[in-house]
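*Asks:* Here is my input; please provide its structure:
(2 chains)
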Amino acid sequence: MSGQKLRLATAWLGGCSGCHMSFLDLDERLVELAEVAELVYSPIADVKEFPEAVDITLVEGAVANVDHLELAQQIRERSRIVASFGDCAVTGNVTSLRNRIPVPDLLNQVYQGGPGAIPRQSPDDPIMPALLPTVLPLHQVIEVDAFVPGCPPDPDRIWAAVRALIFGEAAPHDPHLRTFG
Amino acid sequence: MSTILLTIDDRKVHGESGETILSVARQHGIPIPTLCQLQGASTFGGCRLCLVEVEGIAHPVSACNTPIKAGQRVTTQSPALRADRQMVLELLFAERNHYCAVCVQNGDCELQSAAAQAGMDHVRCPYLSPSLPVDASHAQYVLDHNRCILCMRCVRVCAEVEGAHTWQMAGRGIEARLVADNGVPWGESTTCTSCGKCVHLCPTGALYRKGASVAEMQKKRGFLLRILEGRELGRTGEEPTDDFLVPTVEIRS
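*Replies:* So this is what the prediction gives:
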């Protein structure tokens, strides 16, 4: 690294942000991390555009809409290592529970049939990103280099993955660090 | 019965004629992963997780239903077998809807655990996300087809131990579905005794106690051998110990 800090990013696609909450639960280990890595993009950093030349990106969430798709592709182009971070990125998980329901039926049931006012709706309205026909795990959209399962992955599991990715330590082959759910 | 000598993972082991590779391996402390196998019930050989290599046979064979032979050389761990087992598990996860995070069985699931043990950290094939029903018509238990891996444990234990023959498998291949009394809602079954054996021996959250929420279902798997051993003792006229008198299935309220 020759004195220069590693460029770390975290991204949030179709997920509940629980993986990021668990990431913050690294607690004092975040200080250790900050000594070697600079957070260049993240939901917890005020950066609008995904930057160039990122070393490692942790991606939380499944690919559920066209915005996720675009960001995922950008992440892949601009990152050396991409890791699926948590069950939604790895399997689709809860975000993909809607996969058995056709998108128009889903939107009708939630927004037309549900309580409250019907939201404004136009196919040309770019404010709401269009949903993909099915929610996809990240590796079905872009090439993924590492997988960190868990809902959310607990801080020890995240730390083992971060140490492997950032400090080059061998990833522990412990089944307890690998379970879904 | 005659004693047979063979080699498993370069270890010289022995078994009786008629025994399977799986049984002999377990007696010698050699682990082979399984899912459909159920001690105390007949062999099914459907899950393919127990695949092993036998010298002289071009393809891997299932250890649970391959009889041992004199001089056989068996390998239980190899890169090819690890890849096969991972693929078997990935196909199981892709075929139905297994959402560990929101499953009653999270943390106590044989499928979840087998995947972690096998080193499966993602599923390479596309998820089929089938639209499958949940049968909650029974007063105490629920059948969720989304989590069924067609292991036949429930069918076997219901027929062979309880003697009720409530469960059958209908349809073929990917269309196969567990059905009660040839296709009535479970709650309308006239043969089901509500004994709970199928529920507690189901390896996943496909059969569970009504009212259990996420990660709340803990299965009691030890009872089957306990009651079967009790029967054996009964036949020989010995007094069963207290251990055999405990209720076969404990239902948490």
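
*Asks:* so residue 98, which of the three states?
*Replies:* By default, I'm working from chain A. What DSSP: H, G, I helix; E, B strand; the rest coil gives for A:Arg98 is helix.

*Asks:* Wait, chain B was what I had in mind.
*Replies:* coil.

*Asks:* So A:Ala89 sits against A:Ala64, correct?
*Replies:* No: A:Ala89 lies out of contact with A:Ala64 (CB atoms under 8 Å); the separation is 11.2 Å. Any C-beta I mention is one placed from the backbone N, CA and C, and that applies to glycine too.

*Asks:* what about the helices in chain B?
*Replies:* Using DSSP state H, the helices of chain B run over B:21-27, B:79-95, B:110-118, B:153-157, B:197-201, B:223-236.

*Asks:* I'd like the average pLDDT over the last one.
*Replies:* Mean per-residue pLDDT for helix B:223-236: 73.

*Asks:* Show me which of A:Ala89 and A:Ala64 is the more surrounded one.
*Replies:* A:Ala89 (33 against 23; other CB atoms under 10 Å in any protein chain shown).

*Asks:* and the gap between that one and B:Ile8?
*Replies:* 40 Å (CB to CB, to the nearest Å).

*Asks:* How about the worst-scoring helix or strand of chain A on mean pLDDT and chain B, any contact?
*Replies:* Of all helical and strand segments in chain A, the minimum by mean pLDDT, DSSP states H and E falls on helix A:103-107, at a mean of 89. No: using CB under 8 Å from any CB of the partner chain, helix A:103-107 stays clear of chain B, coming no nearer than 11.5 Å.

*Asks:* Look at A:Pro51 and say how many residues are nearby.
*Replies:* The local packing of A:Pro51 (other CB under 10 Å) involves 13 other residues.

*Asks:* Ok, A:Leu97 next?
*Replies:* Counted with other CB under 10 Å, residues neighbouring A:Leu97 total 14.

*Asks:* By proximity to chain B, which residue of chain A wins?
*Replies:* A:Gly181 (2.8 Å; CB to the nearest CB).

*Asks:* Spatially nearest residue to whatever residue of chain B ends up closest to chain A, not counting backbone neighbours?
*Replies:* As assessed by CB to the nearest CB, chain A sits closest to B:Cys100 within chain B, at 2.8 Å. The shortest distance from B:Cys100 to any non-neighbouring residue, by CB to CB, 6 or more residues apart in numbering or on different chains, is to A:Gly181 (2.8 Å).

*Asks:* ok, that neighbour - contacts?
*Replies:* Residues in contact with A:Gly181 (CB atoms under 8 Å, 6 or more residues apart in numbering or on different chains) are A:Asp87, A:Gly150, A:Cys151, B:Tyr99, B:Cys100, B:Ala101, B:Cys103, B:Asn106, B:Gly107, B:Gln112, B:Ala215.

*Asks:* List the contacts of the fourth one.
*Replies:* Residues counted as contacts of B:Tyr99 (CB under 8 Å, 6+ apart) are A:Thr91, A:Asn93, A:Val94, A:Leu97, A:Gly181.

*Asks:* do that again at 10 Å, thanks
*Replies:* By CB atoms under 10 Å, 6 or more residues apart in numbering or on different chains, B:Tyr99 lies in contact with A:87, A:91-94, A:96-97, A:151, A:180-181, B:106, B:146-147, B:205, B:214.

*Asks:* ok, now the second one?
*Replies:* For A:Gly150, the residues meeting the contact criterion (CB under 10 Å, 6+ apart) are A:18-19, A:22, A:85-87, A:90, A:157-158, A:161, A:177-181, B:100-101.
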